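**Student:** Quick one: sequence and predicted model below, then my questions.
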Amino acid sequence: MRRLVVCTGNTCRSPMAKAIVEAYQAEGDEVRSAGLSVTGAAASVYAVLAMREIGMDLSFHKSQLITSEMVDWADEIGVMTASHKVAVTSLFDVDPDKVTVLGRGISDPFGLSLDDYRFTRDQLCKAILQWLGASFGVVPMTAEHIEAIAALERECFADPWSANGLSEELTNPCAHFFVAEQNGRVIGYLGTHVVADEMSITNIAVTALHRRRGVGHALLHTARLFAEEHGLTRITLEVRVSNEAAIRLYESNGFVKDGIRPGFYEHPKEDAAIYSLYFTKEDAV
């Protein structure tokens with residue numbers, strides 16, 4: 001699948017959207033971004049900062065003017081507003097069904113504050129998951145999920161949580177667990193404990209058939225939104241030093257390596273890398 005994302009100047013919304021699509025799309029899919037008026041400009045400073053917070057780099061972006069070649073190349077085109085859709089379909093005589101307004105329209109943060117750029121970024125994350133046809137949602141864990149999550153634990157880990165252990169988390173006031181569901185079936189989950197102003201991720205798992213489909217990103221994004229909404233300062237986790245796929249996932253979502261816990265894991269014995277996502281500069285010092 002080849003996708004083109006379009007905004008006005010290709011310095012804020014569409015480069016942010018391109019980075020998010022790259023993170024969520026299926027392996028082998030392609031994405032480009034373009035604007036309707038400006039070319040050759042760098043990404044907005046606040047766009048770069050907002051995306052860096054979730055591990056995405058726009059520092060090398062240069063805006064491009066949309067062309068007929070881009071429109072012909074794309075299987076699907078995502079735009080930010082209804083007026084963008086009118087412009088694209090009229091300028092290039094393209095089938096309106098090929099052009100999708102993302103979400104209910106994505107607000108333009110140009111000239112506004114960093115918080116406005118963060119709001120636009122989060123709008124884009126939700127809208128793009130919908131646009132990509134991700135037929136899964138993320139919901140809080142309930143008792144109905146326990147057996148399926150326990151089975152997923154056995155699939156993924158040498159030392160899995162038991163159904164009883166997971167059930168106990170439902171009454172733990174520090175525990176906040178999130179489940180990715182597709183057509184009523186559990187395809188992934190993430191567990192966290194919150195103490196004071198910090199969140200610790202206890203586990204994250206995705207079924208083998210649904211990896212590299214944005215499920216892990218969506219679960220981490222849900223945890224990050226929860227942490228921000230509750231005024232937390234840090235999310236932290238441990239990961240096996242040999243688990244390169246998990247480390248790439250965490251780093252692509254803005255986590256940074258804080259250190260090593262020697263011999264942390266059993267079966268097999270292995271060191272753990274400590275990763276954290278900070279929400280203030282002071283916490284990262």
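**Tutor:** Yep, it's here. The model shown is predicted, which means the values in this text are computed figures rather than measured ones.

**Student:** can you map out the strands along this protein?
**Tutor:** Taking DSSP state E as the test, the strands found in the chain are 2-7, 30-35, 76-79, 99-101, 136-140, 175-182, 185-195, 198-206, 234-240, 256-265, 270-278.

**Student:** Return the set of residues that bridge with residue 42.
**Tutor:** Counting by DSSP bridges, residue 42 forms beta bridges with residue 62.

**Student:** mind checking pLDDT for it?
**Tutor:** pLDDT, residue 42: 94.

**Student:** Same question for residue 1.
**Tutor:** For residue 1, pLDDT reads 88.

**Student:** Report the contact partners of residue 245.
**Tutor:** residue 211 (C-beta atoms under 8 Å, 6 or more residues apart in numbering). C-betas here are computed from N, CA, C, even on glycine.

**Student:** Any idea how many residues pack against residue 3?
**Tutor:** Using other C-beta atoms under 10 Å, the number of residues around residue 3 comes to 24.

**Student:** Residue 117 is in contact with residue 46, correct?
**Tutor:** Yes. At 4.2 Å, residue 46 and residue 117 qualify as touching, with contact defined as C-beta atoms under 8 Å.

**Student:** Next, show the common contact partners of these two.
**Tutor:** Contacts common to residue 46 and residue 117, judged by C-beta under 8 Å, 6+ apart, are residue 109.

**Student:** Comparing those two, which shows the higher neighbour count?
**Tutor:** residue 117 (24 against 21).

**Student:** pLDDT wise, what is the more buried one at?
**Tutor:** For residue 117, pLDDT reads 96.

**Student:** any idea how far it lies from residue 79?
**Tutor:** 19 Å (C-beta to C-beta, to the nearest Å).

**Student:** rewinding a little: distance to residue 166 for the strands of the chain - can I get that in CSV?
**Tutor:** Below are the strands of the chain laid out as CSV (distance: least, C-beta to C-beta, whole Å):
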stretch, distance to residue 166
strand 2-7, 37
strand 30-35, 37
strand 76-79, 38
strand 99-101, 38
strand 136-140, 13
strand 175-182, 8
strand 185-195, 8
strand 198-206, 10
strand 234-240, 18
strand 256-265, 20
strand 270-278, 22
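
**Student:** Quick check, pLDDT for residue 281.
**Tutor:** 48.

**Student:** mind listing what the residue of the chain positioned farthest from its centre touches?
**Tutor:** No residue in the chain sits farther from the centre than residue 93, which is 33.2 Å out by C-alpha atoms, centre = their mean. Neighbour list for residue 93: empty [criterion: C-beta under 8 Å, 6+ apart].

**Student:** do residue 138 as well
**Tutor:** 178-181, 218-219, 222.

**Student:** now, the most widely separated pair of these?
**Tutor:** 181 and 222 (12.3 Å; C-beta to C-beta).

**Student:** neighbour count winner among these two?
**Tutor:** residue 222 (21 against 17).

**Student:** How about the contacts made by the more buried one?
**Tutor:** 138, 178, 190 are the contacts of residue 222 under C-beta under 8 Å, 6+ apart.

**Student:** quick one, what contacts the closest residue to the last one other than its chain neighbours?
**Tutor:** If you skip the residues right next to it in sequence, residue 190 has residue 219 as its closest partner in space, 4.1 Å away by C-beta to C-beta, 6 or more residues apart in numbering. With contact set as C-beta under 8 Å, 6+ apart, residue 219 has these partners: 138, 178, 180, 188-190, 204, 206.
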